[in-house]
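# attaching a predicted model along with its sequence, questions to come.
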Amino acid sequence: MDPEHKSLARELSQDTLTTLCMDLGARPFQAKTLWRWLHVKGLRSFDQATDLPKKLRESLADHLELQSVQVVEESLSHDGTCKYLLELADGERIEMVLIPEGARNTLCVSTQVGCPVGCVFCASGLLGVRRNLDHHEILDQFLLAREILGEKELTNLVIMGMGEPMLNLDALLPALDRITDPEGFHFSPRRITVSASGYPDKIRRFSKAGKSYNLALSLHTADAEQRRLLIPTAQHDPRELVAAAKDHFQATGREPTIEIVLLRGRNDRIEDADKLVRLLKGLQCTVNLIPWNRVEGTPIALERPYEDRVEAFREALEQRGLNVTLRRKRGSEKNAACGQLRLRSLES
Ligand code: SF4
């Protein structure tokens, strides 16, 4: 192993890690101890592993890198939501958000640098996609958040940050496997929610991953034409997406959430609510309404919906028998939207 080019410790197989430890003069049980530190306890600094000899820790630090993400900026809002701009080893930047709500601490992580989907209301999609994250870059956001929280428990994980999770399942599923491993971090799959803006085949692959993860389908409207306007890359008919959401419920027993970012005059009318009710017939789900937060530089003119329209929309859904939640976007106005912090850092 070339000490000039450190390897990421969590990327190494157990055999490779053991060989390295032995080369550095460690005993086999110490290699096992290191493995547990990495994959069960989430080691973030070799100084933490005080049950390993100091000399070995120093040698390991010369050969191995523990973290693939570094905080370069924090933006704390009045409600306690904290958005982190993170830098990756190659200098690319992503966002991660910690959202405290009473006893709950929810972490929102990214899966791509930027996003190829290009929803017209989203800052993450404005500059397109640079690359997929590796599985350890997804895992390291989880470990970093646990470190930041300290004594407080991380209770929920949402994969709704920058990027389209369905377009990076090859990295996301192994990362979630690590996070939920009963022999490792043992985070409950039921506390993990993954968003999808389309891609029914990939949703089905995700649903068959063998764990009861939650699905949040970013539908936004039941009208196929309006949906193509809001998500120019969207290829699939909303009916196909709802069919995939039904299959998710069949496969996992978990009720999907249907996400609707409400935009004035585009998808917030009573006729839009009626169409949605018809489309969702037969799907056990909760509809989550998110009044849009302003993002500068959107490719088409968009407005936040009026409060009374939002209430009327919610009532129309509820009166027709749907479960509805209304989510006010948290976070400071300036940086509240997903991708906003990265966008500003690229502009400066
Ligand atoms: S809302 Fe999600 S899927 Fe759409 S552009 Fe933003 S990050 Fe991508």
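Noted; the coordinates are in hand. Numbers count the residues shown, from 1 in each chain.
# and the pLDDT for the residue in the stretch 151-300 of the chain positioned nearest to the ligand?
Among the residues of the stretch 151-300 of the chain, Ser197 lies closest to the ligand, at 4.0 Å counting by CB to the nearest ligand atom. From N, CA and C alone the C-beta is placed, and that goes for glycine too. Ser197 carries a pLDDT value of 95.
# the ligand contacts on the stretch 151-300 of the chain?
Within reach of the ligand by CB under 6 Å from any ligand atom, the stretch 151-300 of the chain has these residues: Met162, Gly163, Glu164, Ser197.
# the residue of the stretch 151-300 of the chain closest to the ligand: neighbour count?
27 (other CB atoms under 10 Å).
# could you do the one 3 residues further on as well?
If you count neighbours by other CB under 10 Å, Pro200 ends up with 22.
# picking that back up, just the ones in helices from the residues of the stretch 151-300 of the chain next to the ligand, please.
Of those, none are assigned to helices by DSSP state H.
# who wins for most neighbours among these?
Per-residue neighbour counts (other CB under 10 Å) across those peak at Gly163, which has 32 neighbours.
# can you report phi and psi for the closest residue to it other than its chain neighbours?
Excluding its sequence neighbours, the residue lying closest to Gly163 (CB to CB, 6 or more residues apart in numbering) is Gln112, at 2.8 Å. Main-chain torsions, Gln112, degrees, to the nearest 10: phi -140, psi 160.
# now Val69
phi -130, psi 140.
# so what's it bridging to?
As for beta bridges, Val69 partners with Leu88 under DSSP bridges.
# ok, now how distant is Ala171 from Asp201?
Distance, Ala171 to Asp201, using CB to CB, to the nearest Å: 18 Å.
# typed the wrong thing, it's Gln67
Taking CB to CB as the measure, Gln67 and Asp201 are separated by 34 Å.
# the more surrounded of these two?
The residue with more neighbours, out of Gln67 and Asp201, is Gln67; 18 against 11, by other CB under 10 Å.
# check contacts around that one.
If a contact means CB atoms under 8 Å, 6 or more residues apart in numbering, then Gln67 has Arg44, Asp140, Leu143, Leu144 as its contacts.
# please list which of the residues you listed are also close to the ligand.
Okay, of the contacts of Gln67, nothing touches the ligand (CB under 6 Å from any ligand atom).
# now the helices for this protein?
14-23, 28-39, 54-63, 135-149, 169-180, 200-207, 224-230, 238-252, 270-279, 307-319, 340-347.
# give the buried residues for the third one.
Neighbour counts using 16 or more other CB atoms under 10 Å place Leu56, Arg57, Ser59, Leu60, His63 of helix 54-63 among the buried residues.
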